[in-house]
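Undergrad: I would like the atomic coordinates for the input below:
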Amino acid sequence: MKNILIISPYFPPVNGADMQRVRMSLPYFAENGWNAEIVMVDEKYADLDKDHLLLESISPAIKIYQVKALNKKWTSKIGLGSIALRSMPFYRSKVNELLKTGKYDLIYFSTTQFPIFILGSYWKKRFGIPYVIDMQDPWHSDYYKNKPKDQQPSKYWLSYRLNKYLEPIALKNVDGLISVSETYIANLKSRYPVISAIPSAVITFCAFEPDMKIAENNQTSFSRLLKAGFKNIVYIGRGGNDMHRAITALFEAFKQILETDKKTFDQIRFYFIGTSYAPAGRGKATIMPLAKQFDIADYVVEITDRISYYHTLVTLQQADGLFIPGSDDPAYTASKIYPYLLTKKPLLAIFNKESSAINILKDYGLQTVYDYQEVQPDSITGFLRKVIESDLRSESYNQAAIKKYSAANMALQQCRLFDKVLNEQN
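TA: Next up is the predicted model:
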């Protein structure tokens, strides 16, 4: 059995999207020859919501180490709010201790808290241990560089320059890459030719069936967000201007059919939930302004506050139909598609035509997935009409795709990449 040390600053009970790959893979690592241990930041230092139900999916046999972090209340005064930066000295100290006293074959970074990656280079130099980075999102990117200031992330000027400096420290010495997108890997290998030949793998996010059972067993624990008496079509996830093209296709089609058959479609309500990363009560609506442009604000509900992971699953189950809009970034792939698929609810998805999500959804056999440049209003209104008529049965997906995108298979793919990295060292 080989030993892998996984660096994931956010980990249950912290409800961070970037820890889901590790959480869902953990039950399957051992059967593929890897004993996994986790190093996380103590939850009291995390600035995200907590969802203690997440702990139900993690075996008590898994060793989990916790590190401290500087208090964000003080560090944010000098622009250092990132949990990666706040926890870095404590990570360095704790992992140094583990590497001195234990035997580890590999270090695996799976997080979007990118600055922590630079410790991989340090530990490799000091202890000779190879490391793998899971690039779930782009780290240093020009995507927002020419966007209007109000569309750029908070503190973009500083983060852009910091990322440009830190990324090469981590990437030039990395021994293996995993990513949800072939584009991410290709860009990194082009940017850093020294890693052009290292093992890499495109591994999408996955469907984790046990979560549906946990949600079902705890559904009475959550408040109901959807109003009774309507046909509710639900999207839960971040908003933003980069999703406007996909949402515009939906709103345009709905506006047209409302003008011709208001009586029938008056009962539809669109819910956009958890659209902002800002603290509760401080989020800025990014979908409602678009709804107002189409004069359909009365049919749209935007809740900017995030909700817990299992509250999300319960709410998706309560919906009459589901909607997933994609970003205008062609490299964007949505981790959220798998919980949607697990509900087997009627689903409409609209993405950039280059997004890998389209092919994944088509692999499953979903018929109502489109790119926003070519989708026709009739296709969307056909979906809406079936929601109204309750003529949408539970989706029946291709069994081969269900197996392909299962957590068990995605864990297997990760372990194969880990094995390749070790073989390269010999």
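Undergrad: sec struct for Asn359, please.
TA: Under DSSP: H, G, I helix; E, B strand; the rest coil, the three-state class of Asn359 is helix.
Undergrad: apologies, that question was intended for Tyr271.
TA: Tyr271 is classified as strand under three-state DSSP.
Undergrad: my guess is Phe205 contacts Tyr338, does it?
TA: Yes: here Phe205 reaches Tyr338: they are 5.9 Å apart, a contact under CB atoms under 8 Å. All C-beta atoms are positioned from the backbone trio N, CA, C, and that covers glycine.
Undergrad: restricting to C-alpha, output stretch 369-382 in PDB.
TA: The C-alpha coordinates for stretch 369-382 follow below in PDB (Å, rounded to 0.1, in the frame of the first residue of the first chain):
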ATOM      1  CA  VAL A 369     -28.500  20.200 -23.700                       C
ATOM      2  CA  TYR A 370     -27.600  23.100 -26.100                       C
ATOM      3  CA  ASP A 371     -25.000  25.700 -26.900                       C
ATOM      4  CA  TYR A 372     -26.200  29.200 -26.500                       C
ATOM      5  CA  GLN A 373     -25.200  30.200 -30.000                       C
ATOM      6  CA  GLU A 374     -27.300  27.700 -31.800                       C
ATOM      7  CA  VAL A 375     -30.200  26.900 -29.400                       C
ATOM      8  CA  GLN A 376     -33.600  27.700 -30.900                       C
ATOM      9  CA  PRO A 377     -36.400  29.200 -28.800                       C
ATOM     10  CA  ASP A 378     -38.700  26.300 -29.800                       C
ATOM     11  CA  SER A 379     -36.400  23.800 -28.100                       C
ATOM     12  CA  ILE A 380     -36.500  25.800 -24.900                       C
ATOM     13  CA  THR A 381     -40.200  26.400 -25.000                       C
ATOM     14  CA  GLY A 382     -40.800  22.700 -25.700                       C
END
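Undergrad: now that stretch: buried residues?
TA: Residues 369-372, 375, 379-381 are the ones in stretch 369-382 that count as buried (16 or more other CB atoms under 10 Å).
Undergrad: show me the residues you listed that map onto helices.
TA: Within the buried residues of stretch 369-382, residues falling in helices by DSSP state H are 379-381.
Undergrad: specify which member of those residues is nearest to Ile58.
TA: The closest of those to Ile58 turns out to be Ile380 (CB to CB; 39.8 Å).
Undergrad: now do the contacts for that closest one.
TA: Applying CB atoms under 8 Å, 6 or more residues apart in numbering, we find Ile380 in contact with 249-250, 253-254, 348, 370.
Undergrad: how close does it sit to Thr248?
TA: Taking CB to CB, to the nearest Å as the measure, Ile380 falls 11 Å from Thr248.
Undergrad: that older thread, now for the contacts of Ile380, which pair is the farthest apart?
TA: Longest span within these, CB to CB: Phe254 and Tyr370, 14.7 Å.
Undergrad: low-confidence bits of this protein, can you list those?
TA: Where the chain drops to pLDDT under 70, the residues are 75-80, 140-161, 163, 165, 331, 333-334, 391-394.
Undergrad: again, 50 this time
TA: Low-confidence segments of the chain (pLDDT under 50): 156-157.
Undergrad: assess the claim that Phe90 and Ala69 are in contact.
TA: Yes: if you go by CB under 8 Å, Phe90 and Ala69 touch, sitting 6.3 Å apart.
Undergrad: in the stretch 201-350 of the chain, what residue spans correspond to helices?
TA: Taking DSSP state H, counting those that start in this stretch as the test, the helices found in the stretch 201-350 of the chain are 210-217, 244-260, 262-265, 288-293, 309-318, 337-343.
Undergrad: for Asn232, which of the ones you listed is the nearest?
TA: Here helix 309-318 is closest among those (CB to CB), at 7.6 Å.
Undergrad: now do that closest one and helix 210-217, the angle between them.
TA: Following axes from the mean of the first three to the mean of the last three CA atoms, to 10 degrees, one obtains 80 degrees for the angle between helix 309-318 and helix 210-217.
Undergrad: counting contacts, what elements does helix 309-318 pack onto?
TA: Judged by 3 or more CB pairs under 8 Å, 6 or more residues apart in numbering; DSSP states H and E, helix 309-318 is in contact with helix 210-217, strand 231-236, helix 337-343.
Undergrad: what's the offset of that helix from the middle of its chain?
TA: Using CA atoms, centre = their mean, to the nearest Å, the mean C-alpha position of helix 309-318 is found 16 Å from that of the whole chain.
Undergrad: what comes into contact with that helix?
TA: Residues outside helix 309-318 that contact it (CB under 8 Å, 6+ apart) are 15, 51, 53-54, 211-212, 214-216, 218-219, 222, 224-226, 232, 234, 236, 273-274, 307, 322, 339-340, 342-343, 345.
Undergrad: what is the subsequent helix or strand relative to the helix or strand encompassing Lys94?
TA: Per DSSP states H and E, Lys94 falls inside helix 83-101. Counting by DSSP H and E, the next helix or strand C-terminal to helix 83-101 is strand 106-110.
Undergrad: residue boundaries of the strands in this protein?
TA: Along the chain, counting by DSSP state E, strands occupy 2-7, 34-41, 63-67, 106-110, 131-135, 176-179, 200-202, 231-236, 268-273, 300-303, 321-325, 347-351, 369-371.
Undergrad: what angle do the second one and strand 63-67 make?
TA: Computed with the same axes, to 10 degrees, the direction of strand 34-41 lies at 20 degrees from that of strand 63-67.
Undergrad: what angle separates strand 34-41 from strand 2-7?
TA: Interaxial angle, strand 34-41 versus strand 2-7 (the same axes, to 10 degrees): 20 degrees.
Undergrad: report the buried residues of strand 34-41.
TA: Quick answer for strand 34-41 (16+ other CB under 10 Å): 34-36, 38-41.
Undergrad: how far off centre is it?
TA: Centroid separation between strand 34-41 and its chain, computed with CA atoms, centre = their mean, is 20 Å.
Undergrad: about what we covered before: just checking, what packs against the helix holding Lys94?
TA: When contacts are defined as 3+ CB pairs under 8 Å, 6+ apart, helix 83-101 sits against strand 2-7, strand 34-41, strand 63-67, helix 72-75, helix 118-127.
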